[in-house]
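Asks: Predicted structure and sequence below. I'll ask about it afterward.
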Amino acid sequence: MYKNFIVVVFVVFTSLTVHAEPLKILALGNSITQGNNGHNTYRRPLYHKLINAGYNVDFVGSLNVPFSGSYPNPDFDLDHEGHWGWKIDEVLAKLPGWLNGYTPDVAIIHLGTNDAAQNQSVASSLNELSAVIDALRTDNPNIVIFLAKITPLNTNVESNFRISQLNSKIPTLKATKSTDQSPIIIVDQNTGFDPDYQTGDTYDKVHPNPQGEEKMAVKWFKAIDDYYKRGIKGELIRVLTLGNSITQGAKDHSTYRYPLYKKLIGADYLVDFLGSMDQNFDKEIPPDLDFDLDHEGHWGWRIDQILAELPGWLATYTPDAALIHLGTNDAAQKQSTASSVAELKGVIEALRSANPKVVVFLAKLIPFNLTDSEKISKLAELNVEIVNILNSVTTAESPVILVDQNEGFDKAADTYDNVHPGPTGEEKMAEKWFQAFNSYYGREITLFSPNGQEKLNGGSVSSVNWATTGEIDSVVLEYKIDSVWQKIVGPIPNTGQYDWTVPNTPSTSVSLRISAWGNITMDTSNNVFTIQEPSRISLKSGEFFTFSIEGMGSVNFSDMNQYHTIKIMDVNGSLLKTLSVNQQHMIWDRKDKQGKRVSSGVFIAELQGTTSRKVKFSLSD
């Protein structure tokens with residue numbers, strides 16, 4: 001990265017499962033991306049994190065070597081576009097030529113370190129970054145861009161000040177350049193990165209050491225993985241807003257659809273609103289033009305009228321998610337609650353005929369400020385039954401999620417005519433839709449252990465631990481040895497912990513994966529771990545042995561058929577654990593009778609059976 005610094009751009013695509021076609025990832029940068037003799041750069045841990053998470057990736061670039069020497073661990077895709085010491089303008093000059101040789105799907109950009117070190121103006125650096133984005137979009141109009149706030153230096157105060165100035169302008173650049181077709185996601189590589197070369201994250205005040213490489217890789221990976229996992233970001237979510245006049249709107253009222261769209265885009269969801277309509281009831285374009293206008297809101301329609309036309313509409317589009325606010329006109333026209341319920345179920349069935357995996361967000365209706373008590377009663381009855389609909393028709397494949405639009409909605413203050421939402425009502429409805437949408441599509445799982453580099457003994461019990469956010473009721477656990485995923489268990493309740501009996505299949509390339517049942521949300525161990533055969537040692541009477549153990553240790557006693565019990569004691573004779581002999585050798589998991597791991601020291605094993613003997617041995621960590 002630099003004659004001194006770093007620029008990084010990648011290219012990735014969308015999905016949590018392995019792609020038939022690999023995601024082309026361009027690492028575009030300077031010395032921090034290229035690396036030098038003896039340093040892998042962040043590209044190595046990033047590559048392995050992506051592969052272990054199930055991504056099929058292809059790093060692309062015109063280079064595959066460091067600035068000098070060689071990479072110490074070349075077990076990753078070496079292609080890159082890191083150029084030692086280059087500024088943004090130098091990268092920009094060559095980028096169109098490089099792009100003749102490949103077309104990246106996603107760009108991850110870490111540029112500007114050399115510019116700051118060489119006293120380039122922030123304005124010129126921003127203009128050149130903007131031009132880099134333009135060049136990438138010329139090659140691929142759908143490219144997804146991860147734009148970094150760049151890492152700090154420990155060289156001089158002035159350079160770091162200019163880095164801070166440049167980083168402060170990155171959100172502005174995103175705001176002016178990000179589009180639905182080619183979104184920009186900011187990745188903060190600056191916060192938490194310590195440039196000190198003695199105790200921090202660099203080996204020379206500029207370039208990351210292994211600890212710094214790992215920190216950068218974690219942030220790149222999280223940004224990429226979050227983009228693909230949260231609501232299949234990067235893959236389009238087709239959203240149908242289905243309703244009546246509250247969904248369609250009238251003159252000077254954009255409805256809840258406008259603030260909802262803004263919230264979704266602001267949270268980096270890539271959405272396409274669907275529908276046969278793009279105008280309000282007055283046949284006018286709504287006052288707020290900068291959102292997706294398509295909808296299926298029909299002024300004055302009851303549920304039966306919607307149901308009659310829905311199959312025809314669905315012949316022209318297929319929604320991934322449907323937001324339903326239907327029944328206000330039914331209540332106002334005093335329709336039978338039972339018929340309204342049956343028709344709502346028919347609407348859900350029609351949606352599932354078009355897409356068996358459609359996610360349905362079903363609203364309890366907002367109140368109206370009318371004086372007719374029968375109408376008010378009908379609406380209240382229908383809202384009660386909507387909850388019952390949810391319980392009777394939701395499935396794992398096509399969940400129905402309740403959105404309570406009634407609670408907290410002020411029928412006087414939040415409407416402009418006692419029925420239709422005004423600005424405050426539109427905002428309240430949008431926020432409720434968004435929270436429900438984000439709770440489903442924004443669900444996350446974080447796997448804590450085993451999470452990479454552990455050594456587990458085959459046949460032992462290892463605790464799998466994880467945490468979740470959002471509504472995840474059940475999970476599935478799988479493991480992979482080399483290349484084949486195999487189920488461990490599931491679906492099981494989302495308790496955050498599971499005792500896994502490790503298979504007796506030794507391998508140095510094992511991964512673990514946890515998935516939300518009925519949803520794409522998942523997490524995979526950050527690195528591979530090892531399953532090993534338990535190390536054993538033969539103990540003879542009176543002999544003293546020392547051996548190292550990682551995790552859980554084990555000992556192999558000779559002549560087992562003479563014995564039925566083994567008592568493990570400390571050197572003072574206090575009992576730690578009693579084991580029953582039932583095979584040719586006995587594995588001790590190095591835990592005492594309370595389940596606590598025994599630390600290093602000297603121990604006694606008393607073998608009891610037709611004869612009895614004691615052997616002394618020691619364990620060291």
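Replies: Arrived safely.
Asks: How far away from the center of its chain is stretch 113-127?
Replies: 33 Å (CA atoms, centre = their mean, to the nearest Å).
Asks: and the helix or strand in which Gly97 is found, how far from the chain's centre?
Replies: If you go by DSSP states H and E, Gly97 is part of helix 88-98. Its chain's C-alpha centre and that of helix 88-98 lie 32 Å apart, by CA atoms, centre = their mean.
Asks: and if you look at stretch 293-305?
Replies: Worked out by CA atoms, centre = their mean, stretch 293-305 lies 35 Å from the chain centre.
Asks: That one - what's its average pLDDT?
Replies: In this model, stretch 293-305 has an average pLDDT of 94.
Asks: Scan the helices and strands of this protein for the one with the lowest mean pLDDT.
Replies: Using mean pLDDT, DSSP states H and E, strand 546-548 stands out as the lowest-scoring helix or strand of the chain, at a mean of 33.
Asks: Which residue is the nearest non-sequential neighbour of Thr469?
Replies: Glu444 (4.7 Å; CB to CB, 6 or more residues apart in numbering). All C-beta spots, glycine's among them, are computed from the backbone N, C-alpha and C.
Asks: per-residue pLDDT, that neighbour?
Replies: Glu444 is given a pLDDT of 74.
Asks: try Thr199
Replies: The score at Thr199 is 89. That number is its pLDDT.
Asks: Neighbours of it, how many?
Replies: 6 (other CB atoms under 10 Å).
Asks: burial count for the closest residue in space to Val419 that isn't next to it in sequence?
Replies: Distances taken as CB to CB, 6+ apart place Phe368 nearest to Val419, at 4.7 Å, with adjacent residues excluded. Neighbour count of Phe368, defined by other CB under 10 Å: 19.
Asks: all strands in the stretch 501-621 of the chain, in order from the N-terminus.
Replies: Along the stretch 501-621 of the chain, the stretches classed as strands by DSSP state E, counting those that start in this stretch are 507-516, 522-524, 529-532, 538-539, 546-548, 556-557, 563-570, 575-580, 601-609, 612-620.
Asks: Which helix or which strand is home to Lys432?
Replies: Per DSSP H and E: Lys432 is located in helix 423-441.
Asks: quick one: contacts of that helix?
Replies: With contact meaning CB atoms under 8 Å, 6 or more residues apart in numbering, helix 423-441 is reached by 230-232, 237, 253-260, 263-264, 267, 269, 321, 323, 325, 359, 361, 363, 366, 399, 401-405, 408-410, 413-415, 421, 470-471, 519.
Asks: Narrow these to just the buried residues.
Replies: 230-232, 237, 253-260, 263-264, 267, 269, 321, 323, 325, 359, 361, 363, 366, 399, 401-405, 409, 414-415, 421, 470, 519 (16 or more other CB atoms under 10 Å).
Asks: Assign Ala131 to helix, strand or coil.
Replies: helix (DSSP: H, G, I helix; E, B strand; the rest coil).
Asks: can you pull the contacts of the residue nearest to it when sequence neighbours are not counted?
Replies: With sequence-adjacent residues excluded and distances taken as CB to CB, 6+ apart, Ala131 is closest to Leu92, at 5.4 Å. Counting by CB under 8 Å, 6+ apart, Leu92 makes contact with 128, 131-132, 135.
Asks: ok, now how distant is Leu92 from Asp180?
Replies: Distance, Leu92 to Asp180, using CB to CB, to the nearest Å: 25 Å.
Asks: Among the contacts of helix 423-441, which lie within strands?
Replies: Taking DSSP state E as the definition of strands, those contribute 237, 321, 323, 325, 359, 361, 363, 401-404.
Asks: Same list (those residues) but as TSV, adding distance to Ser68 and pLDDT.
Replies: Shown next, in TSV, are the ones in strands among the contacts of helix 423-441 (distance: CB to CB, whole Å; pLDDT from 0 to 100):
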residue	distance to Ser68	pLDDT
Ile237	47	85
Ala321	52	95
Leu323	57	97
His325	64	97
Val359	53	93
Phe361	57	96
Ala363	63	95
Ile401	56	91
Leu402	62	94
Val403	59	95
Asp404	63	95
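Asks: Can you read off the pLDDT for the residue lying closest to Thr255 once chain neighbours are set aside?
Replies: The shortest distance from Thr255 to any non-neighbouring residue, by CB to CB, 6+ apart, is to Gly249 (3.8 Å). pLDDT, Gly249: 90.
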